[in-house]
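[1] Just a sequence and a predicted model for now, questions to come.
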Amino acid sequence: MTPSRRNINELDAAAAALSAEELLTPKQTATLLGVSLNTLPMWRWQGKGPPFIKLGDGPFAAIRYRRSELLLWLEARTTGTVHA
């Protein structure tokens, strides 16, 4: 079965959307945030880290983070300077 031109265009659009919403590995995320790789699972367990995506079911499913959501999460934690 040959894919139709419409299906190919839809796949291209989906691929472009995915690249715009780059998914980062925990290692990439830890590097971006400047934290230990061990910090991220602790934050996930505590429910206080950045939003994440679990790819699959079970305790060993891959975890990914959307770059755009990480930037929003960081922005929400930006504070002004404190003068002593």
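    Cool, got the structure. Numbers count the residues shown, from 1 in each chain.
[2] and Pro51, what does it touch?
    Residues near Pro51 by Cβ atoms under 8 Å, 6 or more residues apart in numbering: 65-66, 69, 73. (Glycine included, C-beta is placed from N, CA and C.)
[3] same thing but 6 Å
    Taking Cβ atoms under 6 Å, 6 or more residues apart in numbering, we find Pro51 in contact with Glu69.
[4] where's it relative to Trp43, distance?
    11 Å (Cβ to Cβ, to the nearest Å).
[5] do Gly80 as well
    From Gly80 over to Trp43 the distance is 24 Å, taken as Cβ to Cβ.
[6] repeat for Gly34
    Taken as Cβ to Cβ, the span from Gly34 to Trp43 is 14 Å.
[7] go on, Ala76?
    Applying Cβ to Cβ to Ala76 and Trp43 gives a distance of 14 Å.
[8] quick revisit: comparing Gly34 and Trp43, which residue is more hemmed in?
    Neighbour totals were compared for Gly34 and Trp43, and Trp43 leads with 15 against 7 (other Cβ atoms under 10 Å).
[9] Off-centre distance for stretch 75-83?
    23 Å (Cα atoms, centre = their mean, to the nearest Å).
[10] Likewise for stretch 71-84?
    Going by Cα atoms, centre = their mean, where stretch 71-84 is centred and where its chain is centred differ by 20 Å.
[11] For that stretch, C-alpha coordinates in PDB please.
    The C-alpha trace of stretch 71-84 is given here as PDB (Å, rounded to 0.1, in the frame of the first residue of the first chain):
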ATOM      1  CA  LEU A  71      12.000  26.900  29.800                       C
ATOM      2  CA  LEU A  72       8.600  27.800  31.200                       C
ATOM      3  CA  TRP A  73       9.300  26.000  34.400                       C
ATOM      4  CA  LEU A  74      12.600  27.900  34.800                       C
ATOM      5  CA  GLU A  75      10.800  31.200  34.000                       C
ATOM      6  CA  ALA A  76       8.200  30.600  36.700                       C
ATOM      7  CA  ARG A  77      11.100  30.200  39.300                       C
ATOM      8  CA  THR A  78      12.800  33.400  38.300                       C
ATOM      9  CA  THR A  79      12.900  35.900  41.100                       C
ATOM     10  CA  GLY A  80      14.200  39.400  41.600                       C
ATOM     11  CA  THR A  81      17.400  40.100  43.500                       C
ATOM     12  CA  VAL A  82      17.300  40.200  47.300                       C
ATOM     13  CA  HIS A  83      19.200  42.900  49.000                       C
ATOM     14  CA  ALA A  84      20.700  42.200  52.500                       C
END
